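Novice: following is a predicted model, sequence given first.
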Amino acid sequence: MCSFAGWWAWWVPLVLFASHFAQDRTNVVLWWMHLPWKDQTAFAAGPCAPWSIIVVDNVWHVVTLYAVAAILG
């Protein structure tokens, strides 16, 4: 993604790989949805499951991309 835009930062692929790996290979999204102050337990286990978990996971991916793009400026 970054090389096609004409600029490159060595840490961008590392951050994107690490965040993608953590989100997709662990239960961090499900854990986050079950936090007491988030209380998305019904959303994660209700009739919307597993699509609700997939939506939250993809939103996290988009937010990560936005944060990296905002840092690069």
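Specialist: Thanks, I have it. Numbering: from 1, shown residues only.
Novice: specify the local secondary structure of the residue sitting nearest the centre point of the chain.
Specialist: Most central in the chain under Cα atoms, centre = their mean is residue 60, positioned 2.6 Å from the mean C-alpha point. Three-state assignment for residue 60 (DSSP: H, G, I helix; E, B strand; the rest coil): helix.
Novice: which strand or helix spans the residue nearest to it when sequence neighbours are not counted?
Specialist: Of all residues not flanking residue 60 in the chain, residue 23 sits nearest, at 5.6 Å (Cβ to Cβ, 6 or more residues apart in numbering). Glycine gets a C-beta too; all of them are placed from N, C-alpha and C. Under the criterion of DSSP states H and E, residue 23 resides in helix 11-25.
Novice: same deal with residue 64?
Specialist: Taking DSSP H and E as the definition, residue 64 sits inside helix 51-72.
Novice: report the buried residues of that helix.
Specialist: Residues of helix 51-72 classed as buried by neighbour count (16 or more other Cβ atoms under 10 Å): 52, 53, 56, 57, 60, 64, 68.
Novice: centre of the chain to the lowest-mean-pLDDT helix or strand in the chain, how far?
Specialist: When each helix and strand of the chain is scored by mean pLDDT, DSSP states H and E, helix 41-45 comes last, with a mean of 83. Its chain's C-alpha centre lies 18 Å from the corresponding centre of helix 41-45 when counted by Cα atoms, centre = their mean, to the nearest Å.
Novice: got a list of contacts for that helix?
Specialist: 30, 33, 34, 52, 53 (Cβ atoms under 8 Å, 6 or more residues apart in numbering).
Novice: could those be laid out in CSV, adding pLDDT and distance to residue 9?
Specialist: Output for the contacts of helix 41-45, formatted as CSV (pLDDT from 0 to 100; distance: Cβ to Cβ, whole Å):
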residue, pLDDT, distance to residue 9
30, 87, 31
33, 86, 31
34, 86, 34
52, 88, 34
53, 89, 31
